[in-house]
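Asks: fold the following and give me the result.
(one chain, ligands or ions: 1)
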Amino acid sequence: MSNQENNLRLGTTYIHAGAEPDPSTGAIMTPIYQTSTYVQQAPGVNKGFEYARSQNPTRKALEEAYAQIEQAKYGLAFSSGVAATDAVIKLLEPGDEVIAANDMYGGTYRLFTKIFAKFGIKFIYVDTTDATNISKAVTAKTKLIWIETPTNPLMNITDISAVAEISKKANAILCVDNTFASPYLQNPLTLGADIVMHSATKYLGGHSDLIQGCLMMNDTDLREQLYFIQKSSGAVPGPMDCFLVLRGIKTLHVRMQRHCENGEKVAHFLRNHPKVKRVYWCGFEDHHNYSIAKKQMRGFGGMMSFTLQDDSVENAKRVLSSTKVFSLAESLGGVESLINHPASMTHASIPREERIKNGLTDSLIRLSVGIEDVEDLIEDLNQAIG
Ligand SMILES: *Cc1c(COP(=O)(O)O)cnc(C)c1O
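Replies: Residues are numbered from 1 along each chain as shown. Okay, here's the model as predicted:
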């Protein structure tokens, strides 16, 4: 069933995306095709499946679902979010330039600076919250613009439509890491982006039980190039993980509604707490780019960061170790609430001077607000802050 043809609403799309009854039995749920190869009738005569690095029916169903949830023509699944990012950079050649956000997921920064820079790809980091910084950095060699919005962990917002205009003029590909918003809150392709990337490990899987990434796109040529990279580099997910993401997507809208409700309540609780100094959440009307967030997002989600009035690292670490409902862990987007210290955990791979320059201080605390009863979350934070 294609949502583009049927004009289905978001929740209906998520429940039915990629789900066709299994042709061999009619099973309503896509089976886990745990196989590496497929028997051929004669050399080269097969049912479109030859070897599971290239094609797997469970993955195929998920890739169809990925396309539908981002209102895209095509979806591709990868063994992790960074493997999906890795595939996008492999579209480039030595000498090509990438303009990237100066405030993004630490693992993306590490992949760019530690793996790809040595192959002669040049990365230029700018503050993308002001799109004119991107147009100033464009040269004849700019081939890719990489943005993340909202950003991890400072919840900065970049205007996707404005950047899409710049990328079109520059003849460059615009890729948006849409992990934090999820497709429920934001669809970058509809705003002019060329590729959407997700860490499906987070909201799409939604239950902190797998690692996976994906890319969605409309351009057939781009899809062919990225499919070629997917099968040639080989970072494909296994069928069990594909099944779990298919299952996770079915409840994306219900989970996101609760993440948004709980997120709003926790953000306001923190902001009104006398021992909290600053809360970074893109749903506050005085947020730096609130008008853009409101324009391009359907809600503001459950991700936020904050600092304490006593801004010492020791005090932040005391709070980080004192929560009982929030678990101290990396990652985000699962049903359970997590608390994290970006400076020593998720963002430790960014050099300290770089981090501090971009506002990511040693005392910053990040929350992934889950879908528990929000009173328990607020009581937990209240006792931990003390
Ligand atoms: C987690 C994350 C990634 C990397 O994804 P993995 O699945 O961990 O490889 C990329 N971008 C953002 C915003 C993330 O949160």
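Asks: residues contacting stretch 114-127, please?
Replies: By Cβ atoms under 8 Å, 6 or more residues apart in numbering, the surrounding residues in contact with stretch 114-127 are 86, 89, 92-103, 112-113, 133-134, 136-137, 141. For the C-beta atoms, the positions are set from N, CA and C on the backbone; glycine is no exception.
Asks: weed out the non-buried ones from these.
Replies: Neighbour-count burial (16 or more other Cβ atoms under 10 Å) applied to those gives 86, 89, 92, 96-103, 112-113, 133-134, 137.
Asks: need the max-distance pair from those residues.
Replies: Using Cβ to Cβ, the two most remote members of these are 86 and 133, lying 25.5 Å apart.
Asks: and for residue 218, the neighbour number?
Replies: 18 (other Cβ atoms under 10 Å).
Asks: quick check: the residue of the stretch 251-386 of the chain nearest the ligand.
Replies: Checking the stretch 251-386 of the chain residue by residue against the ligand with Cβ to the nearest ligand atom singles out residue 332 as nearest, at 6.1 Å.
Asks: A strand includes that residue, no?
Replies: No - Residue 332 is assigned coil when assessed by DSSP: H, G, I helix; E, B strand; the rest coil, not a strand.
Asks: and the lengthiest helix in the chain, what's buried?
Replies: Taking DSSP state H as the assignment, the helix of the chain that covers the most residues is helix 252-272. Within helix 252-272, the residues scored as buried using 16+ other Cβ under 10 Å are 252-253, 255-256, 258-260, 262-267, 269-270.
Asks: before we move on, what about stretch 169-187?
Replies: Residues of stretch 169-187 classed as buried under the neighbour-count rule (16+ other Cβ under 10 Å) are 170, 172-187.
Asks: report the backbone C-alpha coordinates of that stretch in PDB.
Replies: Provided in PDB are the C-alpha atoms of stretch 169-187 (Å, rounded to 0.1, in the frame of the first residue of the first chain):
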ATOM      1  CA  LYS A 169      22.000  27.000  -6.500                       C
ATOM      2  CA  ALA A 170      25.400  25.400  -5.600                       C
ATOM      3  CA  ASN A 171      24.400  22.200  -7.400                       C
ATOM      4  CA  ALA A 172      25.200  20.300  -4.200                       C
ATOM      5  CA  ILE A 173      23.400  17.500  -2.500                       C
ATOM      6  CA  LEU A 174      21.600  18.500   0.800                       C
ATOM      7  CA  CYS A 175      21.500  15.700   3.300                       C
ATOM      8  CA  VAL A 176      19.500  16.200   6.600                       C
ATOM      9  CA  ASP A 177      20.100  14.000   9.700                       C
ATOM     10  CA  ASN A 178      16.500  13.800  10.900                       C
ATOM     11  CA  THR A 179      17.100  11.500  13.800                       C
ATOM     12  CA  PHE A 180      16.100  13.900  16.600                       C
ATOM     13  CA  ALA A 181      12.800  15.000  15.000                       C
ATOM     14  CA  SER A 182      11.800  11.600  13.600                       C
ATOM     15  CA  PRO A 183       9.500  11.500  10.500                       C
ATOM     16  CA  TYR A 184       6.500  12.200  12.800                       C
ATOM     17  CA  LEU A 185       7.700  15.700  13.500                       C
ATOM     18  CA  GLN A 186       9.600  16.700  10.300                       C
ATOM     19  CA  ASN A 187      10.000  15.600   6.700                       C
END
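Asks: separation between the one residue in the chain that gets nearest to the ligand and residue 116?
Replies: Using Cβ to the nearest ligand atom, the single residue of the chain nearest to the ligand is residue 81, 2.1 Å away. Counting by Cβ to Cβ, to the nearest Å, the gap from residue 81 to residue 116 is 16 Å.
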